[in-house]
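In: okay, sequence plus prediction incoming.
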Amino acid sequence: QVQLVESGGGLVQPGGSLRLSCRASGSIRRLSTMAWYRQAPGKQRELVASITSDGRTNYADSVKGRFTISRDNAPIAEYLQMNSLTPEDTAVYYCYADEVWHYTGHFYREVWGQGTLVTVSS
């Protein structure tokens with residue numbers, strides 16, 4: 001079984017910073033693109049940033065220049081450094097993995113974490 005577990009959410013004042021972490025567990029042999037999504041109250045889930053296994057990144061226009069995505073491949077983890085936060089960044093942030101190869105030979109698609117809440121408020 002494959003799991004993604006996020007941490008690092010919380011309450012922060014406008015202009016502040018947070019660093020989200022996502023740890024992958026479950027005897028994973030290889031993992032392709034990872035990403036962070038977020039879902040604000042009453043809104044659809046949206047892509048925040050993604051990173052391929054060789055480090056190519058992509059960002060939503062709303063977070064360019066403020067957020068930085070990164071990853072480690074051994075052990076597998078991804079991170080989201082969020083700076084200059086605004087109330088519009090308030091949301092549940094989800095870790096996502098597109099393709100996961102397990103050492104048992106199992107293959108998983110579209111694996112999601114349980115989410116971590118980020119609240120930006122004074």
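Out: Yep, it's here. Numbers count the residues shown, from 1 in each chain.
In: distance of Y59 relative to T104?
Out: According to Cβ to Cβ, to the nearest Å, Y59 and T104 sit 34 Å apart. Yep, even glycine has a C-beta here, placed from its N, CA and C like the rest.
In: between these two, who's got more neighbours?
Out: Y59 (18 against 10; other Cβ atoms under 10 Å).
In: beta partners for the nearest residue to that one once chain neighbours are set aside?
Out: Computed as Cβ to Cβ, 6 or more residues apart in numbering, the closest residue to Y59 that is not its neighbour in sequence is A49, at 4.8 Å. Beta bridges link A49 to W36, Y59 when assigned by DSSP bridges.
In: just checking, A49 touches D61?
Out: No - checked against Cβ atoms under 8 Å, the pair A49 and D61 is beyond contact range at 11.2 Å.
In: more crowded one of these two?
Out: Counted by other Cβ under 10 Å, A49 and D61 do not tie: A49 has more neighbours, with 22 against 6.
In: neighbours around E46, how many?
Out: 12.
In: right, I mislabeled it, should have said Q1
Out: For Q1, using other Cβ under 10 Å, the count is 9.
In: got the contact list for it?
Out: G26 (Cβ atoms under 8 Å, 6 or more residues apart in numbering).
In: pLDDT value on it, please?
Out: Listed pLDDT for Q1 reads 83.
In: ok, it to T86 distance?
Out: 37 Å.
In: gap between A35 and P14?
Out: Taking Cβ to Cβ, one finds A35 at 25 Å from P14.
In: between those two, tell me which one has more neighbours.
Out: More neighbours surround A35 than the other of A35 and P14, with 21 against 13 (other Cβ under 10 Å).
In: touching, that one and T52? I think so.
Out: No - contact criterion Cβ under 8 Å: A35 and T52 do not qualify, at 9.8 Å.
In: buried residues in the worst-scoring helix or strand of the chain on mean pLDDT?
Out: Here the helix or strand of the chain ranked lowest by mean pLDDT, DSSP states H and E is strand 28-31, holding a mean of 88. Buried residues in strand 28-31, defined by neighbour count with 16 or more other Cβ atoms under 10 Å: 28, 31.
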